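Asker: Generate a structure from the sequence data that follows.
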Amino acid sequence: MKLRTSTASALALAAVVTGGLVLSATPAKANDKLVELANDPANWVMTGRDYNANNYSALEQINKDTVSDLRSAWSFSTGVLHGHEGTPLVVDGMMYIHSPFPNTTFAIDLDDPGKIVWQHKPKQSPTARAVACCDVVNRGLAYWPGDDETGPLIMKTQLDGHIVALDAKTGALRWMMENSDIKVGSTLTIAPYVVKDMVLVGSSGAELGVRGYVTAYDVHTGEQRWRAYATGPDEDILLAGDFNINNPHYGQTGLGLETWEGDAWKIGGGTNWGWYAFDPGTNMFYYGSGNPAPWNETMRPGDNKWTMTIWGRDVDTGEAHFGYQKTPHDEWDYAGVNVMMLSEQEDKDGQTRKLLTHPDRNGIVYTLDRETGDLISANKLDDTVNWVKTVQLDTGLPVRDPEFATRMDHKARDICPSAMGYHNQGHDSYDPDRELFMMGINHICMDWEPFMLPYRAGQFFVGATLWMYPGPKGDRQNYLGSGQVKAYNAITGEYKWEVPERFAVWGGTMATAGGLTFYGTLDGFIKARDSDTGALLWKYKMPSGAIGHPMTYEHNGTQYVAIYYGVGGWPGVGLVFDLTDPTAGLGAVGAFKELANYTQMGGGIMVFSLDGKSPYTEDLSIGEWEPNAL
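Answerer: Here you go, the predicted structure:
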């Protein structure tokens, strides 16, 4: 396959960094090392904690009986405002922290977290801020454990479209590649994802008519291995010879062109800026492609494949073995990039299957067989979902309710969920002991009125005006009650418990062997609930709202829980940019008009432990300065 290389300057930099050598790869060895690190619950080495992307920790020092003693241990400010999404990484006693634009990265030694070991502050074009869809967020870092040829690396994405590799020990730049072109509105907010000797990176910008793709880069040099698009000819989409062989009714060849009118696929969206999961057994990684562009459905007749699709791709070649389109011809911006969580469970017939569970923005939580792509279940995230009556398991197709369709010269009212979805970018968790998925939910509906507009490169290409407000179970008069947390069984389709929240639970959850489910709230709390009942056991008020999700690690025998604070993201655009028009921020300003009465901007990380234990409480001399003896 011909490599589609990036900019010449980036290639030159890669050659300088590697001394002009062509480095051989030892992917299995490096992959084994990353799995080994992830298996140690003291670490948090990747997005989702391990390749199953379950955000689940086996640590249980903090549990139902002890969580009431959780106290603040230490904190760190990134020096940056705006939304802080994702989690930090912890690897062998070092913590790696990221920020939104300008995408600063810090390394901290957990023996003395008050001292910064290194920091990387890139210089970026401010133009990137102008084309960012929904705040200038970033979803996290990736760690490469190193091999005989290349030492450990920290991978990061920058809003200006670059993927960057830093020396994990020093922060020195090892290579940089241009993945996205901000001149056409393509930015990077995704957390990079390391598998074997590659780093996977998606793209953002569907709201500006960007054609979406996922790219694999060589971790040693930054050289591009392969790139797979969501739309266009099959050779660009990288369809394997057995694509959808188990489910031909999903569609097979030629549809990346045939389901679009003319050349509309070239500006058709399908970007992916959410989360990945990987199964070493199938050698496939899993992710979702996003919404088609523009939002106005009249301007793009057809099913618009392969936007809104759950993909199973071979990680070595990028070739897709299956693709299931959840919302053909999306009319509501139900971008399907949400978290993919992997589990092995017995189905209703008692057969153990390798599953993929995906709570989608369209208000449906899907479970597929991740080996074949078979659709096993598709249940509503809430009984108030109304655009769809049901999903046919034999065809995979949603049965729409025409009352909530969108079309020109018509204002559709009370569509549930809103474009924000009943689930968005939050990274949820799976508790294997309880066989429950702990999900942070949005409870927001909308009115929708489309309009026509031309495509102009680098400008917003939406074509709809939105009014958003809490769903039927919330307080619509006061614009409160726009969130929920739920415990879901993917086999039975039942919810063991659910609780309401004042605002959308945007960041997601973390489950632990201690029987706890942690999450942050937009109004600034971190909370712990009983995973069996949903009862609230502990909470702490942080300096700013949370749109990231909690993580946990162990250091010197002490378990810590950490979470970013820093309100922003799509729900916070009104607050951070001081907007008042309820339709501004693609409708978010109206939905969260009360948010500014509960929190303000911030940016940093809070770390908690039992009784506030930390290196500083154990040894008061740590972090102290003493003058040299004369």
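Asker: Distance of the residue most central in space within the chain relative to A73?
Answerer: In the chain, the residue lying closest to the centroid (Cα atoms, centre = their mean) is G274, at 3.5 Å. Computed as Cβ to Cβ, to the nearest Å, the G274 to A73 distance reads 31 Å. C-beta here means a position set from N, CA and C on the backbone, and glycine is covered the same way.
Asker: and what of F592?
Answerer: Distance, F592 to A73, by Cβ to Cβ: 31 Å.
Asker: In terms of neighbours, single out the busier of the two.
Answerer: Remark: of F592 and A73, F592 carries more neighbours, 29 against 22, as counted by other Cβ atoms under 10 Å.
Asker: quick one, what contacts the more buried one?
Answerer: Residues near F592 by Cβ atoms under 8 Å, 6 or more residues apart in numbering: Y479, S482, F503, A504, L522, P571, G572, G574, L575.
Asker: Run through the residues that contact the closest residue to R413 other than its chain neighbours.
Answerer: Ranked by Cβ to Cβ, 6 or more residues apart in numbering and with sequence neighbours excluded, the top spatial neighbour of R413 is D447, at 4.9 Å. Counting by Cβ under 8 Å, 6+ apart, D447 touches K411, A412, R413, D414, I415, L466, W467.
Asker: hang on, D447 in a helix?
Answerer: No: looking at D447 with DSSP: H, G, I helix; E, B strand; the rest coil, it is strand, so not inside a helix.
Asker: what distance separates stretch 470-478 from the centre of its chain?
Answerer: 27 Å (Cα atoms, centre = their mean, to the nearest Å).
Asker: can you give me the mean pLDDT across it?
Answerer: Average pLDDT, stretch 470-478: 97.
Asker: For the remainder of this discussion, apply numbering that starts at 21.
Answerer: That works, and once the first residue is 21, the last one we named lands at stretch 490-498.
Asker: what's the first-to-last distance across it?
Answerer: 9 Å (Cα to Cα, to the nearest Å).
Asker: Sort out which residues of that stretch are buried, please.
Answerer: Across stretch 490-498, burial judged by 16 or more other Cβ atoms under 10 Å covers P490, G491, G494.
Asker: Keep only those of those that are in helices.
Answerer: If you go by DSSP state H, the buried residues of stretch 490-498 have nothing in helices.
Asker: Nearest to S309, out of those residues: which one, please.
Answerer: Proximity of the buried residues of stretch 490-498 to S309 (Cβ to Cβ) peaks at G491, which lies at 26.1 Å.
Asker: ok, the nearest residue to that closest one once chain neighbours are set aside - how many residues close by?
Answerer: Of all residues not flanking G491 in the chain, H463 sits nearest, at 4.1 Å (Cβ to Cβ, 6+ apart). Per other Cβ under 10 Å, the neighbour tally for H463 reads 25.
Asker: do you know how far H463 is from V405?
Answerer: H463 is 11 Å from V405, by Cβ to Cβ.
Asker: Measure how buried D85 is and give me the count.
Answerer: 10.
Asker: In terms of pLDDT, where does it sit?
Answerer: On the pLDDT scale, D85 gets 98.
Asker: next one: M530
Answerer: Per the predicted model, pLDDT is 98 at M530.
Asker: repeat for N51
Answerer: 76.
Asker: In terms of helices and strands, where is it?
Answerer: helix 47-59 (DSSP states H and E).
Asker: What's the first helix or strand after that helix?
Answerer: strand 76-77.
Asker: Name the surrounding residues that touch that following strand.
Answerer: Strand 76-77 is contacted by residues P61, R69, S449, Y450, D451, P452, M530, A531, T532, A533, M571, T572 when judged by Cβ under 8 Å, 6+ apart.
Asker: Make JSON lines out of these and add secondary structure, neighbour count and distance to R420.
Answerer: Shown next, in JSON lines, are the contacts of strand 76-77 (DSSP: H, G, I helix; E, B strand; the rest coil; neighbours: other Cβ atoms under 10 Å; distance: Cβ to Cβ, whole Å):
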{"residue": "P61", "secondary structure": "coil", "neighbour count": "19", "distance to R420": "44"}
{"residue": "R69", "secondary structure": "coil", "neighbour count": "25", "distance to R420": "37"}
{"residue": "S449", "secondary structure": "strand", "neighbour count": "29", "distance to R420": "31"}
{"residue": "Y450", "secondary structure": "strand", "neighbour count": "27", "distance to R420": "30"}
{"residue": "D451", "secondary structure": "strand", "neighbour count": "23", "distance to R420": "34"}
{"residue": "P452", "secondary structure": "coil", "neighbour count": "15", "distance to R420": "35"}
{"residue": "M530", "secondary structure": "strand", "neighbour count": "28", "distance to R420": "35"}
{"residue": "A531", "secondary structure": "strand", "neighbour count": "27", "distance to R420": "34"}
{"residue": "T532", "secondary structure": "strand", "neighbour count": "27", "distance to R420": "39"}
{"residue": "A533", "secondary structure": "coil", "neighbour count": "18", "distance to R420": "42"}
{"residue": "M571", "secondary structure": "strand", "neighbour count": "26", "distance to R420": "39"}
{"residue": "T572", "secondary structure": "strand", "neighbour count": "29", "distance to R420": "41"}
